[in-house]
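# sequence unknown, structure follows:
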């Protein structure tokens, strides 16, 4: 095993750690804000189910991420530079947005960085855009990634809004004793959200390891070994254990005044969208879906009580993510092609 491959796998482990660190905050934010579960217990539950997600959820998302940029037959050093540039871009953006306390999408950073590096090094024909397949009614390649990353937040908002609207007549009849039912339900919904997160986000690191093995000529075709599954599941779980508190404050307290029922509706809506995306192999951003679902929940109950200025700041961060990550991918690839 050569040095570049070892470095690449180490970077994937660190990326998954920062991904878990970032997304754990989003997953537990509303549960903690509703004061229905302690932070330590919430993180423990999320860590367990985040680990189980990739082990039981299949590899559809990993295959989508690992195959939408074609590096087969490319010079070894160029292929290594492209893959490393994608992972370095995602790590850089994760760390900066974590420092600023802004929820952002690791997935958008990773895919945009990969595309920027690939176009810079080997041209746009290396990207499987999926336009021809779309014309024949199929969703493949880059189009599938766009479908997952751009439409899933919208789906999260709509599902959260409709679920909250449908729940309101029922909620008005509840007494204070109903809390005895909803607190245990909170444990179920946060577990489901963590499992869904594991089925989607950790597979991105697996896809990158598959690309690294191909770039270093360890494998002749794209493939993901079982050790990569266990490694990525473990590293994203370890990151989850160290979830960031600044993002918890932004999501849990900065968008809407969250009560127990809001947390349950938000987590259920987000988990359904993320798990549905995983089943069709479309990568999503847990951060974006959870945040958009909470906006939908707030809009479904009291639209004027949603802190839209905070939401606007988060949305601006999402919009800047793609072009900045694309340019970072180009920048890293330029450096690496001169170093490796």
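Cool, the structure landed. From a predicted model like this one, the values you see are computed outputs, not experimental measurements.

# Hmm, residue 219 is touching residue 212, no?
No. Using Cβ atoms under 8 Å, residue 219 is not in contact with residue 212, being 9.6 Å away. Placement of C-beta: from N, CA and C, glycine included.

# contacting residues around residue 269?
Neighbouring residues of residue 269 by Cβ atoms under 8 Å, 6 or more residues apart in numbering: 156, 159, 160, 163, 293, 296, 297.

# which one of those residues is nearest residue 253?
For these, the minimum distance to residue 253 (Cβ to Cβ) is 14.5 Å, reached by residue 297.

# Run a quick neighbour tally on that closest one.
For residue 297, the count of nearby residues is 32 (other Cβ atoms under 10 Å).

# Do you know the pLDDT at it?
pLDDT for residue 297: 90.

# Identify the residues contacting it.
Here residue 297 is in contact with 160, 161, 163, 164, 256, 262, 265, 266, 269 (Cβ under 8 Å, 6+ apart).

# For it, pull up the helix or strand it's in.
Here residue 297 sits within helix 286-301, counting by DSSP states H and E.

# same thing with residue 71?
Taking DSSP H and E as the definition, residue 71 sits outside all helices and strands.

# re the thing from before, turn the contacts of residue 297 into JSON lines, columns for secondary structure and pLDDT.
As requested, the contacts of residue 297 are exported to JSON lines (DSSP: H, G, I helix; E, B strand; the rest coil; pLDDT from 0 to 100):
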{"residue": "160", "secondary structure": "helix", "pLDDT": "93"}
{"residue": "161", "secondary structure": "helix", "pLDDT": "93"}
{"residue": "163", "secondary structure": "helix", "pLDDT": "92"}
{"residue": "164", "secondary structure": "helix", "pLDDT": "91"}
{"residue": "256", "secondary structure": "coil", "pLDDT": "79"}
{"residue": "262", "secondary structure": "helix", "pLDDT": "87"}
{"residue": "265", "secondary structure": "helix", "pLDDT": "90"}
{"residue": "266", "secondary structure": "helix", "pLDDT": "90"}
{"residue": "269", "secondary structure": "helix", "pLDDT": "93"}
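
# which of those residues are buried?
Among those, those classed as buried by 16 or more other Cβ atoms under 10 Å are 160, 161, 163, 164, 256, 262, 265, 266, 269.

# between residue 219 and residue 212, which one's more packed in?
residue 212 (27 against 15).

# Is it correct that that one falls within a strand?
No. The assignment for residue 212, made by DSSP: H, G, I helix; E, B strand; the rest coil, is helix rather than a strand.

# ok, now how distant is it from residue 280?
25 Å (Cβ to Cβ, to the nearest Å).

# What of residue 57?
From residue 57 to residue 280 the distance is 12 Å (Cβ to Cβ).

# the more surrounded of the two?
Legend: neighbour count by other Cβ under 10 Å for residue 57 and residue 280, higher for residue 57 (21 against 13).

# What's the per-residue pLDDT of that one here?
77.

# Residue 333 now?
95.

# Now do stretch 12-22: distance to the chain's middle.
10 Å (Cα atoms, centre = their mean, to the nearest Å).

# Could you give the average pLDDT over it?
85.

# what sits up against that stretch?
Contacts for stretch 12-22 (Cβ under 8 Å, 6+ apart): 50, 87, 90-91, 94-95, 97-98, 103-104, 106, 110, 201-202, 204-205, 208-209, 212, 231-232, 235-244, 247, 287.

# For PyMOL, write the select line for the buried members of those residues.
Buried members of the contacts of stretch 12-22, defined by 16+ other Cβ under 10 Å, are picked up in PyMOL with:
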select buried, resi 50+87+90+91+94+97+98+103+104+106+110+201+202+204+205+208+209+212+231+232+235+236+237+238+239+240+243+244+247+287
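
# Please list the members of the contacts of stretch 12-22 that lie in strands.
When the contacts of stretch 12-22 are checked against strands (DSSP state E), there are no matches.

# Helices - which of the contacts of stretch 12-22 land there?
50, 87, 90-91, 94-95, 97-98, 106, 110, 201-202, 204-205, 208-209, 212, 231-232, 235-241, 247, 287 (DSSP state H).

# hmm, back to that, tell me which of the contacts of residue 269 is nearest to residue 330?
residue 156 (30.5 Å).

# count of residues packed around that closest one?
A count of neighbours around residue 156, defined by other Cβ under 10 Å, yields 29.

# Could you give the number of residues near the nearest residue to residue 233 once chain neighbours are set aside?
Excluding the flanking residues, the one nearest residue 233 by Cβ to Cβ, 6 or more residues apart in numbering is residue 54, at 4.3 Å. Residue 54 is flanked by 31 other residues according to other Cβ under 10 Å.

# My read is that residue 54 contacts residue 228, right?
No. If you go by Cβ under 8 Å, residue 54 and residue 228 don't touch, sitting 10.0 Å apart.
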